[in-house]
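J.: What follows is a predicted protein model with its sequence.
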Amino acid sequence: MIRVTGLTKDYGSRRAIHDLDFNARKGEILGFLGPNGAGKTTTMRILTGYMPPTSGTATIGGFDIIENSLDVRRITGYMPETVPLYVDMTVSEYLLYMARLRHIKNADERVKKVLDMVELGDRANGYIGNLSKGMRQRVGLGQALIHEPEVLILDEPTIGLDPAQVVNFRNLIKDIGKDRTVILSTHILPEAQQVCDRVMIINKGRIVAEDTPEMLQARLTGSQRVTLQVRGDGRGLPELLSQIPGVLHVVDKDGGSYEFETLPGQDCRPQVARTVVDHGYDLLLLQPVNLSLEEIFLQLTRDESSAADAMPELNSMLEAK
Amino acid sequence: MRNIFTIAWKELKSIFISPIAYAVALAIFLVMGIIFYANILNAVVQQVAPPIQIVLGPLVTLMLFTVPAITMRTVAEEQRTGTLELLLTAPVRDWEVVIGKWLGAVVFIIIVLLATWVYPIILNNIVDPGIDQGLLVSGYLGVFLLTMAFLAIGVAVSSFFSNQIAAFFATLGVFLVLWMISYPSQAMGAMGGDLLKYLDMSEHFYSTFYRGIVELKDVIYYISMTAFALFLGSMSVETRRWR
Ligand SMILES: Nc1ncnc2c1ncn2[C@@H]1O[C@H](COP(=O)(O)OP(=O)(O)O)[C@@H](O)[C@H]1O
Ligand SMILES: [Mg+2]
């Protein structure tokens, strides 16, 4: 449905996205995951025809984003990052305006339907300027859906919502995404995990990983982390473990607990177990640690401070540990 | 075409709910009213119609200062608030956006201009020989054509800015330049002088429409100015995407 090849965008001398290549299949929800400044908005603005790329091409539904920009815009619904709306219009006035711009027949009926979909029926005649942030996001989503687009592009749709609204909004997106292609950007990992069929991690304008949330996790756990616990404090164990081929980075977690990493693709647990037992320790636990997407993300971006800045909730989570 | 009307209608509605539009309308009616009042006493006493120029002159000057206030927000405000992003990612051509916004403003100004028509009508009823209807119609035609060009320039200038105050002063600056550009024409040689005279927006009004003369060359001049400004505005919106 969406094919992107070699997409590059420079702002002046600064390169915002480098040579992006990716596809989105019909009907899938593709997550665009990355910290602030990664280039998510830039990519989406290029796809929606708001601005042209410096080089590279993309097609949506077979239409070239530059050659057939109007066709692309016809089949695409877009919800920009800050959800810019006309504050001096009422909700239904605004949706009707967007419907008219898209030449929708029975525009009034369609507006009613969309109002129901985004659960704004009771605010239809309220001015957008008086709506809460969450309601405005719904109006933004509503205008993106007004023409029943095949492709939906949502730039950080849940940013600025309170937790209850976030859950609600994610369910709404999942529901809407059942029968159309959706690209959704976010810097919130659980969101990508919950909503998306496939996640593309983008950092500093480059794609660093792309897979289903499960596979991404599996791929990164290819280099496995294992927790090991013995009775007592297990003195001398780190030295012993380090000698086993394939075992890396042994960390003492206190109280007889240790964590180590294995070389990718090698499961050293049998050797570790044998060695530990042979040397007279009482083995209590030997268990792989599943990396959460959060940790994957940190691994991928490496630059921890910026990743943490981009994700306040992760930051507080790390502090809580 | 349909998109242009959709955008124009929306623009007209937002002009009508903006306080600036009312301030502009109030200013026009107030100034016109005062001038009218001052002249009408004279007309009643002497039973001669004052020349229609007493309405046309101030009206044109008022347009010079109020049109920038109407057009300043058209594109600049959408740029500032970001709503332009949704407009430019809808299946709408850039020139449809510019022409739609211009058309909305034109309709508003037509309503205001028609409303100022009451002054000449009252005048006509008070004095006996009545006023020169031909002069009145040609004068209003001139004001209308001139204002159309002003509005087009205003929308075009607005598309270069994302701050409406900046757009206001830039538009006013452009107007004043185009209004007085023929001043140095005497000092210049024949060629340069004629060119400046041709470019001058006031020349095409005061030497003809204002005196009751309708000449095709002036009509063409204002229409070309309008078209050129709308073209520039569309280019500006398009290049916005590249910035
Ligand atoms: N209009 C612009 N002019 C100049 N630089 C920009 C502009 N928009 C974005 N950038 C830069 O491009 C990079 C990518 O930004 P953006 O696409 O907004 O990232 P994201 O949406 O992932 O936070 C950032 O470094 C940002 O500073
Ligand atoms: Mg962004």
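T.: Looks like it came in fine. Quantities reported herein were computed from a predicted structural model and do not represent experimental measurements. Numbers count the residues shown, from 1 in each chain, chains lettered A, B, ... in the order given. Ligands and ions are numbered 1, 2, ... in the order given.
J.: pretty sure B:S18 is in contact with B:R73, am I right?
T.: Yes: contact criterion CB atoms under 8 Å: B:S18 and B:R73 qualify, at 7.4 Å. Glycine gets a C-beta too; all of them are placed from N, C-alpha and C.
J.: now the helices for chain B?
T.: B:2-16, B:19-46, B:53-71, B:73-81, B:83-88, B:94-116, B:118-126, B:133-158, B:164-180, B:190-199, B:203-206, B:216-240 (DSSP state H).
J.: ranking those by mean pLDDT, which is last?
T.: Mean pLDDT values for those show the minimum at helix B:190-199, a mean of 76.
J.: Go through that helix and flag the buried ones.
T.: B:L196, B:K197, B:L199 (16 or more other CB atoms under 10 Å in any protein chain shown).
J.: residues contacting the last one?
T.: The one in question is B:L199. B:L178, B:I181, B:S182 (CB atoms under 8 Å, 6 or more residues apart in numbering or on different chains).
J.: from the residues you listed, which is closest to ligand 2?
T.: Nearest to ligand 2 among the contacts of B:L199: B:L178, at 41.4 Å, using CB to the ion.
J.: who touches the closest one in this structure?
T.: B:I153, B:L199, B:D200, B:M201.
J.: could you redo the last one with a cut-off of 10 Å?
T.: Applying CB atoms under 10 Å, 6 or more residues apart in numbering or on different chains to B:L178 gives the contacts B:L64, B:A149, B:F150, B:I153, B:L199, B:D200, B:M201, B:S202, B:M225.
J.: Now for the last one, how many residues are close by?
T.: By the other CB atoms under 10 Å in any protein chain shown criterion, the neighbourhood of B:M225 contains 21 residues.
J.: quick one: contacts for it?
T.: B:L145, B:L146, B:M148, B:A149, B:F150, B:A152, B:I153, B:L178, B:L199, B:M201, B:H204 are the contacts of B:M225 under CB under 10 Å, 6+ apart.
J.: Which one of those residues is nearest to ligand 1?
T.: Using CB to the nearest ligand atom, B:I153 comes nearest to ligand 1 of these, at 27.1 Å.
J.: Can you read off the pLDDT for whichever residue of chain B sits closest to chain A?
T.: Closest residue of chain B to chain A, CB to the nearest CB: B:G82 (3.3 Å). Looking at B:G82, its pLDDT is 93.
J.: That one touches A:T82, doesn't it?
T.: Yes: the criterion here is CB atoms under 10 Å, and B:G82 meets it with A:T82 at 5.8 Å.
J.: got a pLDDT number for whichever residue of the stretch 101-250 of chain A sits closest to chain B?
T.: In the stretch 101-250 of chain A, no residue comes nearer to chain B than A:L101, which is 4.7 Å away by CB to the nearest CB. On pLDDT, A:L101 comes in at 96.
J.: how close does the most far-flung residue of chain A relative to its centre get to A:L237?
T.: In chain A, counting by CA atoms, centre = their mean, A:G280 sits farthest out from the average C-alpha position, at 46.9 Å. Applying CB to CB, to the nearest Å, the value for A:G280 to A:L237 is 11 Å.
J.: who touches both of the two?
T.: A:V230.
J.: looking at this, A:H249 is in a strand?
T.: Yes: under DSSP: H, G, I helix; E, B strand; the rest coil, A:H249 sits within a strand.
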